[in-house]
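[1] Got a predicted structure plus its sequence, pasted below:
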Amino acid sequence: AATVIENTWSYNISGLVDGVNGITVTATDRVGNAATTIANIILDATIPAITLNQVTTPTKQSSQTISGTIENAISITVTTNTGASDGTATIIGNTWNYTITGLVEDSNEITVAAINTAGKTAIVIASIASDTTAPTGSVSINNNAAYTNSTSITITLSCTDSGSGCAEMQLSSDGSTWETPESYVTSKNRTLDIGDGEKAAYARFKDNAGNWSTSEVKDTISLDTTPPSVISTIPANGATNISANTAVTVTFNESVANAPSSIILKQGDSIIDSTVTYDDSAKTATLTPASSLSEYTTYTVAVTTAIR
């Protein structure tokens, strides 16, 4: 029975079950007249069940629609720890969605809270990394060599991205026609187009958020597959009666890279001690014997196949 104090009454109901509990209250006076009133008490002891679908992170976009599923909730609020938008999600059946705007550079922590009729709350948390800064990089051919005599080369690539990190690269031989993007690597073997002359390697890079570098990088190298040739010597080939202390000059048709190690003085099968200097502007090498040459002896100045 309820406790009655003058014109008020109270009663503590125990054992309420989850769901609708119908309550009937009957008041009776001293002569048996009765009045009845009915009410419902809804008990909701179940915590909301909420899921959050995978977010896109990192991203170069400033807005993103997040979504998931929901059970036993009447509202969902979305809050962030940055200046990105907070608000109330849209609930459609057992699903929900909300579009976050104003994502800031770096990490945005997202908290999604579902509330039921009893005020019970369930929370899920995610983080969205925003990265709108494009990566930068460089490319070099054969460690920045100026020349090569082989169509097989190695390009070295470097990509820097302080946000989401480097993910892909795209290569080109002319800066116009680009190959299919591929995973970023720091070194790659390639084959130059046939034909002597200047060759190039272009590269551009993409980070994990999808930003492509704003400008491509480039390196060049000269392909020279034709060996240099000697166009003149002093003394001339076959000269006789030369001085015992004569230096020999050898002039080439193009610049050479390794004349001091590729030009030797011989007497028969023996190599004679000598020094070689090279003047690139004149394309001329000068061989000087270490000591005076012997009289009535034939000497040969040989340019080896090592010349480049």
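    Yep, that arrived.
[2] what about Asp131, neighbour count?
    For Asp131, the count of nearby residues is 22 (other CB atoms under 10 Å). From N, CA and C alone the C-beta is placed, and that goes for glycine too.
[3] Thr59 is in contact with that one, correct?
    Yes: with contact defined as CB atoms under 8 Å, Asp131 counts as touching Thr59 (7.3 Å).
[4] Could you name every residue contacting both of those two?
    Common contact partners of Asp131 and Thr59 (CB atoms under 8 Å, 6 or more residues apart in numbering): Ala209.
[5] Could you check how far the most centrally placed residue in the chain is from Thr156?
    Against the mean C-alpha coordinate of the chain, by CA atoms, centre = their mean, the closest residue is Cys166 at 0.9 Å. Separation of Cys166 from Thr156 (CB to CB, to the nearest Å) stands at 14 Å.
[6] same question, Pro48
    Look at Pro48 and Thr156: by CB to CB, they are 55 Å apart.
[7] Show me which of those two is the more surrounded one.
    Pro48 (22 against 17).
[8] Can you name the residues that contact the residue nearest to the centre of the chain?
    Applying CB under 8 Å, 6+ apart to Cys166 gives the contacts 135, 137, 159-160, 184, 205-208.
[9] Would you mind putting the residues you listed into JSON lines with pLDDT and neighbour count alongside?
    Converted to JSON lines, the contacts of Cys166 look like this (pLDDT from 0 to 100; neighbours: other CB atoms under 10 Å):
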{"residue": "Pro135", "pLDDT": "97", "neighbour count": "27"}
{"residue": "Gly137", "pLDDT": "97", "neighbour count": "18"}
{"residue": "Cys159", "pLDDT": "98", "neighbour count": "24"}
{"residue": "Thr160", "pLDDT": "97", "neighbour count": "13"}
{"residue": "Tyr184", "pLDDT": "98", "neighbour count": "21"}
{"residue": "Phe205", "pLDDT": "98", "neighbour count": "27"}
{"residue": "Lys206", "pLDDT": "98", "neighbour count": "20"}
{"residue": "Asp207", "pLDDT": "97", "neighbour count": "25"}
{"residue": "Asn208", "pLDDT": "97", "neighbour count": "19"}
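[10] which two in these are spaced the farthest apart?
    Maximum pairwise distance in the contacts of Cys166, criterion CB to CB, is 14.6 Å, between Gly137 and Asn208.
[11] Got the phi and psi for Ala259?
    Torsion angles at Ala259 (phi, psi; degrees, to the nearest 10) stand at phi -60, psi -40.
[12] Hmm, Thr304 and it touching each other?
    No: between Ala259 and Thr304 there is no contact under CB under 8 Å: 10.4 Å.
[13] who has more neighbours, those two?
    More neighbours surround Ala259 than the other of Ala259 and Thr304, with 24 against 10 (other CB under 10 Å).
[14] Thank you kindly, that will do.
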